[in-house]
Structures are given as structure tokens and as C-alpha cells.
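**Student:** Just the structure for this:
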Amino acid sequence: MINVLFICLGNICRSPMAEAVFRHIVQEKGLQRQFHIDSAGMGSWHIGNPPHKGTRKKLESLNISYEGQKARRIDPKDLDKFDYIIAMDQQNMDDLYALSTVTHGAEIRKLMDFVEDAKEKNVPDPYFTKNFDYTYELVQKGCEKLYDYLVSKHFKEKK
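**Tutor:** Model prediction:
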């Protein structure tokens, strides 16, 4: 089982979008039993809330399910529970490293690190930019490349 956790600031826009998109990709490839996929936020403002209405609207327009998603705050135990922790921006990375005071087992990377010649190094937060379409474009590309990376690393034959 490959455990993947997506991280953003409040866990209502970017990371739940990435969780839903990545889960959709994995399901389309028939590998859903090989992955545990989740998302969390660095802050606690939105705990228990569903994804932001802009995220929901974008995912619904593409028939990508976000069913059951509720915002949660990252738990320091997640650093050992998950194999890959994928941050949306550099501030999330800095916050994750500040949270990890001891050695952990997770590989921590930014989503856009997986995209060669990416337009952006960070996924802009649509909570502030209001541009959920652009966020989706970046998340989709990042999730596709993350999938390719994980399959090449963990499976002999790409599905």
C-alpha cells in the first residue's frame, strides 16, 4: 500500500482537489487497492468542513468525486503514517519541516516538483486568487506526473 497525503493551508481548496484528482487517476488505472490517499491542512480554521464551493464546482464539472472529504489538520503522526506528503507550496513545505522535529519516514515534496518545466513552482491558493480553473490545471498536471513517478518507483509495469 502506497500512502499519499496532500497538504495545503486550510484543506478546503488545493489539497482536497489534489486528493480527488489523484484518487480519480488511480481509479481510472485500476490501482485503487494499491493506494491510500488523503489530504490535510496546516491550519485548523476549516476542520470538519467540506471542500470549498469553488473546488466542489470544478470537480463536479469534471465528474470527479470528492465524496466524504472533510477538512482536517495534519497530525505529526502523519509524517510516519504516509510514504509521500505532497505540499502545494513552499510555505507548506516550510511548515511541514518545522513540524517534523524528528526523523520521519515520509518523502516530502511539492506537487509541482514532479512537473518538468512547470509554469509555477507553487500551486496558487484559489481561496485568495478565486481562479479554481488555473489551480485545477496545475493540480491535474502535477497529479498525473506524481502518478507516473510512483508507478515507475513501485511497479514494474506501468498500468
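**Student:** need the longest helix for the protein.
**Tutor:** In the chain, with assignment by DSSP state H, the single longest helix is helix 132-154.
**Student:** Tell me how many other residues crowd residue 95.
**Tutor:** Neighbour count of residue 95, defined by other CB atoms under 10 Å: 18. C-beta here means a position set from N, CA and C on the backbone, and glycine is covered the same way.
**Student:** Please look at it and residue 40 and confirm they touch.
**Tutor:** No: look at residue 95 against residue 40 with CB atoms under 8 Å: they stay out of range, at 11.4 Å.
**Student:** all helices for this protein, in order.
**Tutor:** 14-28, 53-61, 78-81, 90-99, 126-129, 132-154.
**Student:** Which strands or helices does the last one pack on?
**Tutor:** I take that to be helix 132-154. strand 2-8, helix 14-28, helix 53-61, strand 84-87, helix 126-129 (3 or more CB pairs under 8 Å, 6 or more residues apart in numbering; DSSP states H and E).
**Student:** before we move on, back to that, please identify the most buried of the helices of the chain.
**Tutor:** Burial of the helices of the chain is given as mean neighbour count (mean count of other CB atoms under 10 Å); helix 14-28 ranks first at a mean of 25.
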